[in-house]
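J.: the sequence isn't on hand, but the structure is:
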Ligand SMILES: C[S@@+](CC[C@H](N)C(=O)[O-])C[C@H]1O[C@@H](n2cnc3c(N)ncnc32)[C@H](O)[C@@H]1O
């Protein structure tokens with residue numbers, strides 16, 4: 001099934017009453033989680049131990065082939081994360097949930113294995129690793145997952161292992177490059193914040209220009225440049241109502257179309 005999302009449906013990710021853009025903006029503006037000054041009274045715990053303690057393995061709604069370590073309460077986990085790090089202004093724990101865009105790409109990859117089978121795959125801004133795990137389950141030659149959040153990288157390791165696949169995850173920001181040498185570049189739910197979207201489109205265009213297949217999933221976020229994409233599929237994706245203010249989100253799987261050169 002194909003479809004598109006009208007402009008009126010565009011939404012931002014909201015969290016704790018603030019727009020995801022504002023929170024992500026704070027993060028981008030210089031409050032990264034690399035600064036790990038523990039406050040008195042806090043104790044260090046490995047990222048993997050923290051992920052395990054904060055989540056429980058749960059089949060992903062709409063993608064039951066994949067089981068992820070997910071949290072029940074987003075706000076409580078965010079506060080716990082800041083306590084554990086001894087910092088405020090940390091990014092939300094995106095890694096503890098399956099976002100609509102990622103769910104849609106994972107569903108599409110699982111139903112269309114020819115997209116990834118025998119190919120090298122990059123899951124950019126991987127969060128929980130859902131998209132990369134789906135690619136690995138469908139026979140990708142290798143899967144690399146890139147994230148800027150160390151907790152996400154820990155979660156991806158745990159989730160890949162739980163699903164019996166290999167995903168090579170690292171804390172890295174690849175957006176100034178072209179995603180090489182991956183033959184397929186996948187991204188779930190990355191157009192929710194203006195500055196991030198402003199870097200993502202050129203990155204995806206460079207990946208495509210060197211010959212990669214570029215596929216993203218998006219539930220009508222505010223900064224998706226949809227005129228640059230062709231719809232491959234549209235789904236009604238179940239989402240966490242506390243995060244999205246709705247139980248279902250119309251979500252499209254998009255393929256980047258070739259840029260018209262003037
Ligand atoms: C809404 S989540 C989507 C996660 C996952 N793709 C999904 O659909 O479930 C967006 C993710 O992008 C990550 N992110 C933001 N900027 C990034 C960058 N420059 N490089 C890699 N990851 C980034 C965040 O840490 C966050 O985990």
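T.: The structure has been received and is ready for your questions. Not measured: the values here are computed from a predicted model.
J.: next helix or strand past the lowest-mean-pLDDT helix or strand in the chain?
T.: Here the helix or strand of the chain ranked lowest by mean pLDDT, DSSP states H and E is helix 20-28, holding a mean of 35. Next helix or strand after helix 20-28 toward the C-terminus (DSSP states H and E): helix 47-54.
J.: other SSEs contacting that following helix?
T.: Contacts defined by 3 or more CB pairs under 8 Å, 6 or more residues apart in numbering; DSSP states H and E place helix 47-54 against helix 74-85, helix 150-162. Every residue, glycine included, has its C-beta placed from N, CA and C.
J.: hmm, try it at 10 Å
T.: Contacts defined by 3 or more CB pairs under 10 Å, 6 or more residues apart in numbering; DSSP states H and E place helix 47-54 against strand 63-70, helix 74-85, helix 150-162.
J.: among these, show me which one is buried the most.
T.: Burial of the helices and strands packed on helix 47-54 is given as mean neighbour count (mean count of other CB atoms under 10 Å); helix 150-162 ranks first at a mean of 22.
J.: and the angle from that one to helix 47-54?
T.: Between helix 150-162 and helix 47-54, the angle comes out at 80 degrees (axes from the mean of the first three to the mean of the last three CA atoms, to 10 degrees).
J.: quick one on the thing from earlier: columns mean pLDDT and distance to residue 238 on top of the helices and strands packed on helix 47-54, output as JSON lines?
T.: Shown next, in JSON lines, are the helices and strands packed on helix 47-54 (pLDDT from 0 to 100; distance: least, CB to CB, whole Å):
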{"stretch": "strand 63-70", "mean pLDDT": "98", "distance to residue 238": "10"}
{"stretch": "helix 74-85", "mean pLDDT": "90", "distance to residue 238": "15"}
{"stretch": "helix 150-162", "mean pLDDT": "98", "distance to residue 238": "19"}
